[in-house]
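Trainee: Next come a sequence and a model predicted from it.
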Amino acid sequence: MYKLNFEDTIAAISTPLGESGIGIVRMSGKEAIKIADRIFLSKDGFKPSQYRSFTIHYGYIIENQKAKIRNQKFKNLQIIDEVLLTVMREPRTYTKEDIVEINCHGGIVPLRKVLELVLREGARLAQPGEFTLRAFLNGRIDLIQAEAVLDIVKAKTEKALEIACYQLAGKFSQKIRELKERILNVYAELEASIDFPDEELDLHNQRFMLKEMEKLTAEIDKLLEGSDKGLIFKEGILVVICGKPNVGKSSLMNLLLKKNRCLVSPIPGTTRDTIEEWANIEGIPLRLIDTAGITAAKNALEEEAIKRTCEYLKLADLVLFMLDGNKKISHDDREIFQTIKDKPKIIIINKIDLPCRLTPAVIKKIFRGRIFKISCVTGEGIERLCKEIKRFILRGEIIEPEGYLVNNLRHKEALLKAKNFLEKVKEGMRNGFSPELIILDLKEALGNLKAILGESSSEDILEKIFSQFCIGK
Ligand SMILES: Nc1nc2c(ncn2[C@@H]2O[C@H](COP(=O)(O)OP(=O)(O)OP(=O)(O)O)[C@@H](O)[C@H]2O)c(=O)[nH]1
Ligand SMILES: [Mg+2]
């Protein structure tokens, strides 16, 4: 459980662990600069507490502070690393607290040692996302923007990154705030009519409020229209390649990934285990699964491999069903099609560089679905297939009202709830319900918009969101 405690200073390694050019240990909190004073020996002779904000300084992280006081010469000091240290003073920082960042050499040992040292000096190890949580709780960003930070870190394609950047810039937050304000105006009108019952709402006001409710629901509808696509760009979709052995499934997987990830061989049954990789197809993140060819299993191993293929087929958002264009349709092809007939699918005839034994006309008589011809050897048809996958997934134009897409299930659900309550408000207004009753639904709609911004989020929701972050963000 998150301890919402700002008294302590948090610290973490903010870069991935491994060998790299640099690695960063980050501290945030009241003690950050004081801790830096105790462990940093600068070349310029000043202490971090004497530095101006947003300045970077060269020096050493030293372990033995007593030795530092006794002896200013480096030879008796235990140097952990040669570093660049940045001081950022509150409130204009990521967390709105004092932040110190120590740029170490990027190796596991120096980073761990520097982190251990700052923890020994009084900092506490940060929980996942705690720097961003502080930014949110200190009011620098709202919850939409905090979630956008996570989306930026996790973006799998440029489009996903673009959507997240718009959200971080606060465009979507601004829209939600505007909707909230407009609901509040209607709320105030209704409340006044409760407080002063003698002054009944005049007809003009009633008409204005109903019209405003209609406009508000239409605007929320517009946001919701784009949300499925926004979610696809963020979460990606599960695409499973299937077919009988040797049709070229792994060859297609490699082409879509633009790398030789899977083993390809003329021996049927090359792929046994399912192979999973993320691919970027026309800006859409696809979780691609290459599977074992489905045929009558000859042993327990093949049986298990086919079982795994079938499990993924059940989960697939889109199936790429492959046929060998150089061979006639077989019993296996028909059997496989039976298992996927109700799934969204694209039928692919591969090996069109070889003599054709399978025409779309023949296939159409047996299988229903969009048919594509490709060759994994020459690459013919692959580009068109990628475009078709995109078209299939997005089904038409992407609606980006005012430049952003709703890309978060939490936002989508809250918008839907807000809209449903506004529909009830409209119904109440049309049927002349009392303002006391109407106001209840209006309050619920308002609550849902506030929840999107994080103005009324429980600790459970915050934990759910921020625990997805990495430590150090
Ligand atoms: N001529 C030709 N050969 C192809 C084409 N695509 C794949 N192959 C060959 O077909 C053989 C099987 O290819 P794979 O990609 O391993 O087929 P697979 O469907 O993954 O096979 P399994 O893993 O055994 O189920 C290999 O020898 C490939 O080089 C193609 O478009 N044209
Ligand atoms: Mg294979």
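Mentor: Yes, it's here. Given the structure is predicted, the values throughout are model-derived calculations rather than measurements. Ligands and ions are numbered 1, 2, ... in the order given.

Trainee: where in the stretch 151-300 of the chain is pLDDT low?
Mentor: 197-204 (pLDDT under 70).

Trainee: That one: helices as residue ranges?
Mentor: Here the stretch 151-300 of the chain has its helices, by DSSP state H, counting those that start in this stretch, at 158-168, 171-195, 203-225, 227-235, 249-257, 300-315.

Trainee: how about the ones you listed in CSV, adding mean neighbour count and distance to residue 134?
Mentor: Where C-beta positions appear, they are placed from N, C-alpha and C, glycine not excepted. Converted to CSV, those look like this (neighbours: other C-beta atoms under 10 Å; distance: least, C-beta to C-beta, whole Å):
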stretch, mean neighbour count, distance to residue 134
helix 158-168, 20, 16
helix 171-195, 17, 18
helix 203-225, 16, 29
helix 227-235, 21, 24
helix 249-257, 23, 39
helix 300-315, 15, 38
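
Trainee: Kindly reformat those as TSV containing distance to residue 29.
Mentor: Output for the helices of the stretch 151-300 of the chain, formatted as TSV (distance: least, C-beta to C-beta, whole Å):
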stretch	distance to residue 29
helix 158-168	23
helix 171-195	26
helix 203-225	37
helix 227-235	32
helix 249-257	43
helix 300-315	44
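
Trainee: Relative to ligand 2, which of these is closest?
Mentor: Proximity to ligand 2, assessed across the helices of the stretch 151-300 of the chain by C-beta to the ion, is greatest for helix 249-257 (3.2 Å).

Trainee: Determine the set of other helices and strands touching that closest one.
Mentor: Packing partners of helix 249-257 (3 or more C-beta pairs under 8 Å, 6 or more residues apart in numbering; DSSP states H and E): strand 237-243, strand 275-281, strand 284-290, strand 318-324, strand 345-350, helix 382-394.

Trainee: near ligand 1, anything from the last one?
Mentor: No - taking C-beta under 6 Å from any ligand atom as the criterion, helix 382-394 and ligand 1 are apart, separated by no less than 9.8 Å.

Trainee: Just the buried residues of that helix, please?
Mentor: Judged by neighbour count using 16 or more other C-beta atoms under 10 Å, the buried positions of helix 382-394 are 382, 385-386, 388-389, 393-394.

Trainee: picking up where we left off before, can I get the helices and strands packed on helix 249-257 in JSON lines including distance to residue 359?
Mentor: Compiled in JSON lines, those are given as follows (distance: least, C-beta to C-beta, whole Å):
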{"stretch": "strand 237-243", "distance to residue 359": "18"}
{"stretch": "strand 275-281", "distance to residue 359": "27"}
{"stretch": "strand 284-290", "distance to residue 359": "27"}
{"stretch": "strand 318-324", "distance to residue 359": "11"}
{"stretch": "strand 345-350", "distance to residue 359": "9"}
{"stretch": "helix 382-394", "distance to residue 359": "18"}
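
Trainee: What is the most widely separated pair among the buried residues of helix 382-394?
Mentor: 382 and 394 (19.0 Å; C-beta to C-beta).

Trainee: Assign residue 82 to one of the three secondary structure states.
Mentor: strand (DSSP: H, G, I helix; E, B strand; the rest coil).

Trainee: and it, how many neighbours?
Mentor: When counting by other C-beta atoms under 10 Å, one arrives at 14 neighbours for residue 82.

Trainee: For it, which residues are in contact?
Mentor: Counting by C-beta atoms under 8 Å, 6 or more residues apart in numbering, residue 82 makes contact with 59-60, 105.

Trainee: Could you single out the nearest of the residues you listed to ligand 1?
Mentor: Nearest to ligand 1 out of these is residue 105 (C-beta to the nearest ligand atom; 43.7 Å).

Trainee: What distance do you get for that closest one to residue 63?
Mentor: Taking C-beta to C-beta, to the nearest Å as the measure, residue 105 falls 16 Å from residue 63.

Trainee: Equivalent analysis for residue 101, please.
Mentor: 19 Å.

Trainee: The two: who's more crowded?
Mentor: Neighbour count, other C-beta under 10 Å: between residue 101 and residue 63, residue 101 has more, with 20 against 16.

Trainee: looking at this, the more buried one is in a helix?
Mentor: No - Residue 101 sits outside any helix when classified using three-state DSSP, being strand.

Trainee: Give the closest residue to it in space, chain neighbours not counted.
Mentor: Excluding its sequence neighbours, the residue lying closest to residue 101 (C-beta to C-beta, 6 or more residues apart in numbering) is residue 86, at 4.4 Å.

Trainee: From what I see, the one you found and residue 54 are in contact.
Mentor: Yes - the criterion here is C-beta atoms under 8 Å, and residue 86 meets it with residue 54 at 7.5 Å.

Trainee: neighbour count winner among the two?
Mentor: Set side by side, residue 86 and residue 54 show more neighbours around residue 86, with 20 against 11, by other C-beta under 10 Å.

Trainee: Go ahead and confirm residue 279 touches residue 259.
Mentor: No - using C-beta under 8 Å, residue 279 makes no contact with residue 259, being 9.7 Å away.

Trainee: neighbour-wise, which of these two wins?
Mentor: residue 279 (22 against 11).

Trainee: Next up, the contacts around the more buried one.
Mentor: Neighbouring residues of residue 279 by C-beta under 8 Å, 6+ apart: 256-257, 285-286, 288.

Trainee: same check, this time on residue 361
Mentor: So, once contact is read as C-beta under 8 Å, 6+ apart, residue 361 ends up touching nothing.

Trainee: same thing but 10 Å
Mentor: Residues near residue 361 by C-beta atoms under 10 Å, 6 or more residues apart in numbering: residue 371.

Trainee: did I read that right, it in a strand?
Mentor: No - if the criterion is three-state DSSP, then residue 361 is helix and not within a strand.

Trainee: Right, I'll leave it there.
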